[in-house]
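**Student:** fold the following.
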Amino acid sequence: MIPLSSSARETAQAELDLARVRRAKVALIERASAFGELDPPQLFGTVTQIIRAIHALEPGRISSLPEPINSSATMPPQEPYRLAEAVRRVLPELRKLDRYEHRAAVRRDQAVRALSVESV
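**Tutor:** Next up, the predicted model:
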């Protein structure tokens, strides 16, 4: 078995990171397209809202908690509009992944250059 140089290992690791980040981007967009958002809908945004709802459940005030808004109902029904809206909704996360992808590509390119120098 031929031992791998550190440049070859760095190249391989960076390629794996690139593949991983690309899969994560696709998964984010698919989840947003299917469900309308990344996180499940929440009934309350703050602890104060939870306390008010608990007090409102006392006899005679209200009988049940409000239903969460279904984010997928606000998604356009047809492609490519649905895909465009999904991308818009996950854009902040996609930007973060894009920065990570760029750093991995730079690491890969540097390792490939170092590998070509080693082989000379």
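**Student:** was I right about E85 contacting P76?
**Tutor:** Yes - counting by C-beta atoms under 8 Å, E85 does reach P76; the two are 5.5 Å apart. Just so you know, the C-beta spots here come from the backbone N, C-alpha and C atoms, and that holds for glycine as well.
**Student:** and L115, what is it in contact with?
**Tutor:** S5, S7, A8, T11 (C-beta atoms under 8 Å, 6 or more residues apart in numbering).
**Student:** just among the residues you listed, which is most surrounded?
**Tutor:** T11 (21 neighbours; other C-beta atoms under 10 Å).
**Student:** related to what we said a few turns ago, return the closest of the contacts of L115 with respect to R20.
**Tutor:** T11 (15.0 Å; C-beta to C-beta).
**Student:** thought the closest one was touching V112?
**Tutor:** Yes - T11 is within contact range of V112, at 5.6 Å (criterion: C-beta under 8 Å).
**Student:** where does the prediction get shaky in the chain?
**Tutor:** 1-4, 38-45, 50, 53-73, 120 (pLDDT under 70).
**Student:** where exactly do the helices run in it?
**Tutor:** 6-35, 47-56, 81-89, 91-119 (DSSP state H).
**Student:** rewinding a little: higher neighbour count, E85 and P76?
**Tutor:** Ranked by neighbour count (other C-beta under 10 Å), E85 and P76 place E85 first, with 16 against 13.
**Student:** just want the most central residue of the chain.
**Tutor:** Residue closest to the average C-alpha location in the chain (C-alpha atoms, centre = their mean): L28, at 4.2 Å.
**Student:** since that was my last question, I'll sign off now.
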